[in-house]
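Enquirer: need a structure here:
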Amino acid sequence: MFLSSRLTKRQKKYLNLGIKLTIVGLATWFIFQKVNDQENLLEFQNLMTGVEPAVLHITLICVVVMMFFNWALEVVKWKFLSRRIEQISWGKAVKSVFCGLTWAIFTPNRIGEYGGRVLILKTENRAAGAVAMGVGLFAQLVLTSVFGALSIAWFVATYLPTPSSVKFGIWLLGVIYAVAFVVLYFNVHWLDYLVGKFKFLKKIKPSFAILEEFSPRELLYVLALSLARFIIFTSQYVLLMVIFIPDLPFVSLVLMIFILFFVQSALPSLDLFDFSVRSFVASNLYSYITTQEIAVMAIVSFIWFINLILPAVVGSVFVFNVNYVGNNRS
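Expert: You can find the predicted model right below:
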C-alpha cells in the first residue's frame, strides 16, 4: 500500500506488467519441466491404444467436461463465500478462481491460490477474502478427511493381518477423527475466538470476524457444493479405471481413491509434484487388487494433468487482466 501510493501511474503500469510476466513465466517453466519429464503421461498414451476409439473419445470428453464442472462449482462456492465481503460478478469470480490456480502451481501447498484469488478483490477486502476462501477449502478438507479416515480403517481391516482389537481401535480412531472434523467445521467461528486470545494476532483479528457471520445452513450449503466437487473428482478416477482396468473390484477401487485423496492432502508439496505423491501412493494401494500398477500411475498422472495443468494454463491468460498494484479496477 505504502509503496503503491508513492509510485507514478507509469511506474505502476510497468510494475504490474513485470509481476504478470513473472507469474506466467514461472508457471510456464514449471509446467514445461514437469510435463516434459512425465513418463506416466506417455504410458497413458499406450493405454489408450487398447481401447475402442469411440469409447476412448467419449471417456476423455467426459473427463474434461467433469473438470470444467468441478471448477464451475468452485466458482459458485467462491462467489457465495465472498458475497458479504464484496459483491463480485460471475466474470470476476471465474477470473479469480483460475488466477489462483496459476499461482498455486508453483507455490508450496497451493498457498499461492490465496494470493492469486483474493487479488481480484479490493485492497481493503483481501485479508477477509482469504479467510472466507479458507472456509471453502476447509469444507473440502472435511470431506477428504472423513472419507479418507474411514477408508483407511476399512483398508487396514480388509487387507492387513491385524488382530481384531487393533482393527476395532483403528475404526474407533477413524470415526473420532471424522466426527472431529465435522464438529470443527460447523463451529468454524471458534477460530475467530482463538485468534482474539493472542495479542500478536491483534492486527489481523478484524479479518476473522467474517467467520461469525456464517450460519449452520450456509456452512451446509458450502459443504454440499464441496461434496458435489468431491463426487465429480472421484468419478473421473472411477471412469478411467473402469475403462482401462475393468477387472478392479468397484468398492475397493472407490475406497482406495478416498485414501489417495487423504494422503495427498496430508503431505506438503507443490502442485506440480503432487503427481509423484499420488502415483507412488496409488501404485502401492492398488497393488493389493491389481498387478497393473503402471496403468494406475498413468491414470493418476492423466487426471493430474487435466485437473491442475489445463486450468493453470487457462488461468495464466486471466493473470494479465488483474491489476496487482494500486486499486483493482480490472
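Enquirer: For the chain, just list every one of the helices.
Expert: With helices called from DSSP state H, the chain shows them at 2-6, 9-36, 39-48, 53-82, 90-104, 112-118, 126-159, 164-186, 190-195, 216-244, 250-266, 271-286, 293-304, 310-319.
Enquirer: Export the ones you listed to CSV and append columns for distance to residue 203 and mean pLDDT.
Expert: In this view, the C-beta of every residue, glycine as well, is placed from N, C-alpha and C. Below are those laid out as CSV (distance: least, Cβ to Cβ, whole Å; pLDDT from 0 to 100):
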stretch, distance to residue 203, mean pLDDT
helix 2-6, 15, 50
helix 9-36, 25, 67
helix 39-48, 46, 65
helix 53-82, 22, 93
helix 90-104, 24, 86
helix 112-118, 17, 76
helix 126-159, 10, 93
helix 164-186, 25, 94
helix 190-195, 10, 82
helix 216-244, 26, 95
helix 250-266, 30, 89
helix 271-286, 30, 65
helix 293-304, 38, 81
helix 310-319, 29, 81
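Enquirer: Any chance of TSV for these, columns mean neighbour count?
Expert: Supplementary listing: the helices of the chain in TSV, determined by neighbours: other Cβ atoms under 10 Å:
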stretch	mean neighbour count
helix 2-6	9
helix 9-36	15
helix 39-48	15
helix 53-82	17
helix 90-104	23
helix 112-118	23
helix 126-159	20
helix 164-186	14
helix 190-195	14
helix 216-244	18
helix 250-266	19
helix 271-286	20
helix 293-304	23
helix 310-319	20
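Enquirer: Compare these and report which one is nearest to residue 207.
Expert: helix 126-159 (3.9 Å; Cβ to Cβ).
Enquirer: elements contacting that closest one?
Expert: Counting by 3 or more Cβ pairs under 8 Å, 6 or more residues apart in numbering; DSSP states H and E, the packing neighbours recorded for helix 126-159 are helix 53-82, helix 112-118, helix 164-186, helix 216-244, helix 250-266.
Enquirer: switch to 10 Å and redo it
Expert: helix 53-82, helix 90-104, helix 112-118, helix 164-186, helix 190-195, helix 216-244, helix 250-266, helix 271-286 (3 or more Cβ pairs under 10 Å, 6 or more residues apart in numbering; DSSP states H and E).
Enquirer: so which of those helices gets nearest residue 138?
Expert: Using Cβ to Cβ, the helices and strands packed on helix 126-159 put helix 164-186 closest to residue 138, at 6.1 Å.
Enquirer: now what about that closest one, what contacts it?
Expert: 135, 138-139, 141-158, 160, 162-163, 190-191, 214, 216, 219-220, 222-223, 226 (Cβ atoms under 10 Å, 6 or more residues apart in numbering).
Enquirer: now do 6 Å
Expert: The contact list for helix 164-186, computed with Cβ atoms under 6 Å, 6 or more residues apart in numbering, reads 142, 145-146, 149-150, 153, 156-157, 216, 219.
Enquirer: and it, C-alpha only, in CSV?
Expert: In CSV, the C-alpha atoms belonging to helix 164-186 read as follows (Å, rounded to 0.1, in the frame of the first residue of the first chain):
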residue,chain,number,x,y,z
SER,A,164,-9.5,-57.8,16.0
SER,A,165,-8.7,-55.4,18.9
VAL,A,166,-6.3,-53.4,16.6
LYS,A,167,-8.9,-53.2,13.9
PHE,A,168,-11.5,-52.0,16.4
GLY,A,169,-9.1,-49.4,17.7
ILE,A,170,-8.4,-48.1,14.2
TRP,A,171,-12.1,-48.0,13.3
LEU,A,172,-12.7,-46.0,16.5
LEU,A,173,-9.9,-43.6,15.8
GLY,A,174,-11.2,-43.2,12.2
VAL,A,175,-14.7,-42.4,13.4
ILE,A,176,-13.4,-39.9,16.1
TYR,A,177,-11.2,-38.2,13.6
ALA,A,178,-14.1,-37.9,11.1
VAL,A,179,-16.5,-36.6,13.7
ALA,A,180,-14.0,-34.1,15.0
PHE,A,181,-13.6,-32.5,11.5
VAL,A,182,-17.3,-32.2,11.1
VAL,A,183,-17.7,-30.6,14.5
LEU,A,184,-14.9,-28.1,13.9
TYR,A,185,-16.3,-27.2,10.5
PHE,A,186,-19.7,-26.3,11.8
